[in-house]
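K.L.:
Return a 3D structure for these sequence lines:
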Amino acid sequence: MRKGIHPDYGPVVFRDRAANYAFLTRSTMTSEKTIEWEDGNTYPVVDVEISDVSHPFYTGTARVMDTAGRVERFERRYGKKG
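P.N.:
Here you go, the predicted model:
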């Protein structure tokens, strides 16, 4: 890698404010805010709106779409083939 063209890659805490959940990972993102982690070290913290903990797809709280009704409405509108 060429020197001086890549951002720093280091430990960062991502905090999901909606679910009150945080996880430590490595990233090129930075922040002025910091947090003291469970290991006693201080890391930059990035607040995110949604993560796998609060996203409806992963939590199983997603709405169920009425696909049968959509198909019937399509067939009424454009006719049944065959």
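
K.L.:
what are the ranges of the helices in this protein?
P.N.:
Under the criterion DSSP state H, the chain carries helices at the ranges 56-59, 67-78.

K.L.:
Comparing those by mean pLDDT, which bottoms out?
P.N.:
For these, mean pLDDT drops lowest on helix 56-59, to a mean of 62.

K.L.:
Touching, Pro7 and Thr28? I think so.
P.N.:
Yes - the pair Pro7 and Thr28 qualifies as a contact (C-beta atoms under 8 Å) at a distance of 4.2 Å. To be clear about C-beta, it is placed using only N, CA and C from the backbone, and glycine gets the same treatment.

K.L.:
Between those two, which contacts overlap?
P.N.:
Counting by C-beta atoms under 8 Å, 6 or more residues apart in numbering, no residue touches both Pro7 and Thr28.

K.L.:
For the residue most central in space within the chain, give its distance to Val12.
P.N.:
Nearest residue to the geometric centre of the chain (C-alpha atoms, centre = their mean): Ser51, 3.5 Å. Noted for Ser51: a distance of 13 Å to Val12, by C-beta to C-beta, to the nearest Å.
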